[in-house]
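A.B. asks: Sharing a sequence plus its predicted fold:
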Amino acid sequence: MSVRVVRSSAFAVGALAMIGSAQAADIYAGGGYGGYKDAPVVVAVPTWTGFYVGGHLGAAWTNIDTRRNTYYDGDGNFSYNYSTFGGNGLNTAGAFGGGQFGYNWQTGGNFVLGIEVDVGGLQGDNERTFVGTTYNNLVPAGIDNIAVVNVKSQGGIYGDVTGRLGYAWGSTLLYLKGGFAWLATDLKVRAAVTSDVDTPALTSTAYYSRSFDNTLTGWTAGGGLEYQFNPNWSAKVEYQHFDFSLDNNNWAWDSNNNWKLFKNDVTADTVKLGINYRFVSTPAAYVPLK
């Protein structure tokens with residue numbers, strides 16, 4: 001009796017061992033979703049939809065066009081008493097940086113639509129001296145007035161509100177942007193005007209000074225490339241052009257003299273690096289690991 005029990009027990013143990021081995025072999029061989037090899041795993045699917053906030057830092061090249069600025073000595077003869085200040089303007093290279101926030105919406109395909117707001121500081125300090133000379137109507141003509149004008153520009157606070165249109169493939173986004181821009185800047189002008197140079201008994205020099213605090217408005221356009229490191233963080237490189245108008249900003253020195261300040265535009269070209277954080281949960285899809 002005891003011998004039969006021992007034999008039955010041994011048979012049962014052997015059968016269980018064979019079943020366990022078969023199951024283990026099936027698991028590692030990929031036999032169905034119960035196996036480790038074909039088990040579904042969570043894989044993040046790149047998407048650009050969501051609100052984001054970030055910062056940027058870069059370089060800016062600004063230009064204040066002064067080629068059409070004019071000085072009028074107030075003597076009434078338009079043929080002789082205007083002088084255009086020559087030169088190519090005030091060109092400045094400096095740093096700029098700030099922050100941005102916005103929202104992206106990725107369509108069912110690869111296109112990404114968005115709106116973005118940038119605010120920051122623009123370094124644009126520069127200084128230049130211009131000379132304008134008017135003449136009398138005598139034959140031969142002689143020098144009437146000489147105006148020496150020193151213009152000092154400073155940087156300021158800038159901002160823009162732009163729309164974005166991009167094309168995404170995976171974690172990479174190529175985009176264009178454009179919209180409204182503004183610049184709050186400061187300009188200091190000092191002038192020394194020597195009048196009646198052709199009449200020594202009447203020759204005199206007057207000095208003038210004024211500071212202009214302007215908020216300029218205009219437009220901006222550009223584009224960039226952005227890469228998503230993970231569902232929340234991305235980095236970008238971007239080019240942007242700004243164009244601000246200063247037309248018809250006149251300074252009347254006195255009842256007769258009027259120097260027409262900045263007939264043309266203030267422009268800036270910028271290149272920047274930025275980083276963004278998106279406020280989204282990790283999107284996921286179940287994909288078999290192969």
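C.D. replies: Structure received. Numbers count the residues shown, from 1 in each chain.

A.B. asks: all helices for the protein, in order.
C.D. replies: Secondary structure of the chain (DSSP state H): helices located at 2-28.

A.B. asks: quick one, what contacts the most centrally placed residue in it?
C.D. replies: In the chain, the C-alpha closest to the average C-alpha coordinate belongs to residue 240, at a distance of 5.2 Å (C-alpha atoms, centre = their mean). If you count contacts by C-beta atoms under 8 Å, 6 or more residues apart in numbering, residue 240 has them with 160, 177, 220, 221, 222, 269, 270, 272. For glycine as for every other residue, the C-beta is placed from the backbone atoms N, C-alpha and C.

A.B. asks: Okay, and the beta partners of the nearest residue to the fourth one once chain neighbours are set aside?
C.D. replies: Spelled out, it's residue 221. The shortest distance from residue 221 to any residue that is not its chain neighbour, by C-beta to C-beta, 6 or more residues apart in numbering, is 3.9 Å, and that residue is residue 178. According to DSSP bridges, the residues that bridge with residue 178 are residue 163, residue 221.

A.B. asks: From residue 227, how far off is residue 178?
C.D. replies: As defined by C-beta to C-beta, to the nearest Å, residue 178 lies at a distance of 22 Å from residue 227.

A.B. asks: Those two - which one has more neighbours?
C.D. replies: When residue 178 and residue 227 are compared on other C-beta atoms under 10 Å, the one with more neighbours turns out to be residue 178, at 17 against 13.

A.B. asks: you'd agree that one is up against residue 222?
C.D. replies: Yes: under the criterion of C-beta atoms under 8 Å, residue 178 makes contact with residue 222 at 7.3 Å.

A.B. asks: filter the contacts of residue 240 to the buried ones?
C.D. replies: Buried subset of the contacts of residue 240 (neighbour count, 16 or more other C-beta atoms under 10 Å): 160, 177, 220, 221, 222, 270, 272.

A.B. asks: Between those, which sits nearest residue 105?
C.D. replies: Taking C-beta to C-beta as the measure, residue 105 sits nearest to residue 177 out of those, at 14.6 Å.

A.B. asks: what residues are up against that closest one?
C.D. replies: Under the criterion of C-beta under 8 Å, 6+ apart, the contact partners of residue 177 comprise 116, 162, 163, 164, 165, 220, 221, 222, 223, 224, 238, 240.

A.B. asks: Kindly recompute the last result at 7 Å.
C.D. replies: Neighbouring residues of residue 177 by C-beta atoms under 7 Å, 6 or more residues apart in numbering: 116, 162, 163, 164, 222, 223.

A.B. asks: Next, count neighbours for the nearest residue to the fourth one once chain neighbours are set aside.
C.D. replies: Ranked by C-beta to C-beta, 6+ apart and with sequence neighbours excluded, the top spatial neighbour of residue 164 is residue 114, at 4.0 Å. The number of residues packed around residue 114, counting by other C-beta under 10 Å, is 21.

A.B. asks: What's opposite residue 114 in the beta bridge?
C.D. replies: Partner residues in beta bridges with residue 114, using DSSP bridges, are residue 104, residue 164.

A.B. asks: show me the contacts for it.
C.D. replies: Under the criterion of C-beta under 7 Å, 6+ apart, the contact partners of residue 114 comprise 102, 103, 104, 105, 164.

A.B. asks: 10 Å instead?
C.D. replies: Applying C-beta atoms under 10 Å, 6 or more residues apart in numbering to residue 114 gives the contacts 48-50, 52, 102-106, 162-166, 173, 175, 177.

A.B. asks: Now a ChimeraX select for only the buried ones of these.
C.D. replies: Selection of the buried residues among the contacts of residue 114 in ChimeraX, burial being defined by 16+ other C-beta under 10 Å:
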select :48,50,52,102,103,104,106,162,164,166,173,175,177
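
A.B. asks: list the contacts for residue 147?
C.D. replies: Contacts here follow C-beta under 10 Å, 6+ apart; on that basis residue 147 touches 71-73, 83, 85, 130-134, 191-195, 206, 208, 253, 257, 259.
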